[in-house]
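J.: sequence first, then the predicted structure, then my questions.
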Amino acid sequence: MLLRRTLPELNENHVLPLQKELTGAVTYLATQRAFLFPNGSRIKLGYCDREADVFQYQGQEYDVIGLEEATHFTETQMQFLTTCNRSVRTDFSPRMYYTCNPGGVGHAWVKRLFIDRDYRNCERAEDYVFIPARVTDNPVLLETNPQYLETLENLPEHLKKAYLDGNWDVLEGQFFPEFDRSVHVVRPTRLPMEWKRFRAMDWGYNDPCCVLWFAVAPEGKLYVYRELYLRKTLSSEIARRVKQLSEGERIAYTTASPDAWQQRGLKGLEGESIAEVFSHNGVPLLPADNARIPGWQRVREALAKQPDGAPELFIFETCRNLIRTLPQLTFDTRDAEDVSDACEDHAPEALRYGLMSRPRPAPEEKRKRPYRYDPLAGTPQFSPGFYGL
């Protein structure tokens, strides 16, 4: 079965071309949108314009399913169609083929499976193969229509990166077009122990909890060198894992989302806050600066090129969830300065907290002013004139 998202796309790109190409060799049944071959095989054509259109294929069985422009299909549609990809044949293994470009409603699931190779539940890496193809890989097209390359060159920047360069880290409405995997993502390396290190956490239980580790180079460059990304995990266990992963390192502080200080339980019978649990398990927390607009602007500045031609921020390639979700953030339709709340933003939130916690330069005598932390008070206690750690 071969599918497109809409019926007009199906007719223009498949029905009419196949009728022309297969005339005299096969029979086309217009009422079934199927090409019948003399040996009993057939090519069934279909579409899924609305989300619920996939249910018209429920209970059907197809050896091969192809999604043309797969990023036009939602992940829910794709997952349902996989239930139709089965066969009783013993000489053939059912399979699905996807062709697509970056962008579209299905951008995230295609990128997760084939670019990031981030697998969940029973998904297996060996079941997914990605074959990249750019316009320069099609010499026939370039020979017969050389102007097409110029057409792609003249597209808006985000479309040019997607369609000409095959860049899956760009999409329409992308909040951080400054992010460039080839620039910001680096191979892990041993960082000098004397570099200042700190952590930032976006708390969550049902939603993922993300902890990021930062190191600051002497010239001010920042490296995110470790990531912990957990769902449905108790705060005490996360604190234990954080402490275990940081063994042997000198961590200056850990900043966390303000909800870690929310009191839990009935009024007058409040239990420990998340921050208190972390403190009792050896990981004291500082409330993060949760100003969203300045925070996202701070991230943007860290991603942008500095006077030396390089960005301020680098991310180890082992921080997979930060690398996966940062380029997928899109604009809030109600506030062009903020990120849409429909995005998976837990790792970027931790990044924002970490960047907003960076100490500002201050005179040496002011840096030496004392600081103390009282976990029972729920907030950090600063001495007058304190400028940073």
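T.: On my side now, so go ahead. Keep in mind the model is a prediction, meaning the values are calculated, not measured. Residues are numbered from 1 along each chain as shown.
J.: show me where the stretch 101-250 of the chain has helices.
T.: 107-110, 139-144, 147-153, 157-163, 181-184, 235-245 (DSSP state H, counting those that start in this stretch).
J.: identify all contacting residues around the fifth one.
T.: With Cβ atoms under 8 Å, 6 or more residues apart in numbering as the test, helix 181-184 has contacts from 169, 303, 310-311, 313-315, 323, 327. In short, each C-beta sits where N, CA and C put it, glycine included.
J.: again with the fourth one
T.: Taking Cβ under 8 Å, 6+ apart as the criterion, the residues outside helix 157-163 that touch it are 101-103, 135, 152-155, 167-168, 170-172, 174, 177.
J.: 6 Å instead?
T.: 101-103, 152, 167, 170 (Cβ atoms under 6 Å, 6 or more residues apart in numbering).
J.: mind listing what's buried in the helix or strand harbouring A252?
T.: Here A252 sits within strand 251-256, counting by DSSP states H and E. Buried residues in strand 251-256, counted by 16 or more other Cβ atoms under 10 Å: 253-256.
J.: of those residues, which is the nearest to W203?
T.: Minimum distance to W203 across the buried residues of strand 251-256 is 6.0 Å, recorded for A256 (Cβ to Cβ).
J.: show me the shaky parts of the stretch 51-200 of the chain.
T.: 171-172 (pLDDT under 70).
J.: what segments of it are strands?
T.: 64-68, 95-99, 185-186, 196-202 (DSSP state E, counting those that start in this stretch).
J.: angle of the second one against strand 64-68?
T.: Angle of strand 95-99 versus strand 64-68, following axes from the mean of the first three to the mean of the last three Cα atoms, to 10 degrees, is 10 degrees.
J.: now for strand 95-99, which elements pack on it?
T.: Strand 95-99 sits against strand 64-68, with contacts defined as 3 or more Cβ pairs under 6 Å, 6 or more residues apart in numbering; DSSP states H and E.
J.: who touches the strand it packs on?
T.: Contacts of strand 64-68 (Cβ under 6 Å, 6+ apart): 1-4, 73, 81, 85, 95-99.
J.: want to throw the helices of the stretch 101-250 of the chain into a markdown table with mean neighbour count and distance to E123?
T.: Shown next, in a markdown table, are those (neighbours: other Cβ atoms under 10 Å; distance: least, Cβ to Cβ, whole Å):
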| stretch | mean neighbour count | distance to E123 |
| --- | --- | --- |
| helix 107-110 | 21 | 11 |
| helix 139-144 | 10 | 34 |
| helix 147-153 | 11 | 33 |
| helix 157-163 | 17 | 25 |
| helix 181-184 | 15 | 22 |
| helix 235-245 | 16 | 24 |
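J.: quick one: closest of the ones you listed to R190.
T.: Judged by Cβ to Cβ, the one of the helices of the stretch 101-250 of the chain that comes nearest to R190 is helix 235-245, at 15.5 Å.
J.: would you show me how to pick out the buried ones of the contacts of helix 157-163 in PyMOL?
T.: To isolate the buried ones among the contacts of helix 157-163 in PyMOL, judged by 16+ other Cβ under 10 Å, type:
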select buried, resi 101+102+103+167+170
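J.: including distance to R352, could the contacts of helix 157-163 go into JSON lines?
T.: Putting those into JSON lines (distance: Cβ to Cβ, whole Å) gives the following:
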{"residue": "N101", "distance to R352": "30"}
{"residue": "P102", "distance to R352": "25"}
{"residue": "G103", "distance to R352": "25"}
{"residue": "L152", "distance to R352": "34"}
{"residue": "N167", "distance to R352": "24"}
{"residue": "V170", "distance to R352": "21"}
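J.: what's the closest of the contacts of helix 157-163 to D63?
T.: Nearest member of the contacts of helix 157-163 to D63, counting by Cβ to Cβ, is N101, at 26.2 Å.
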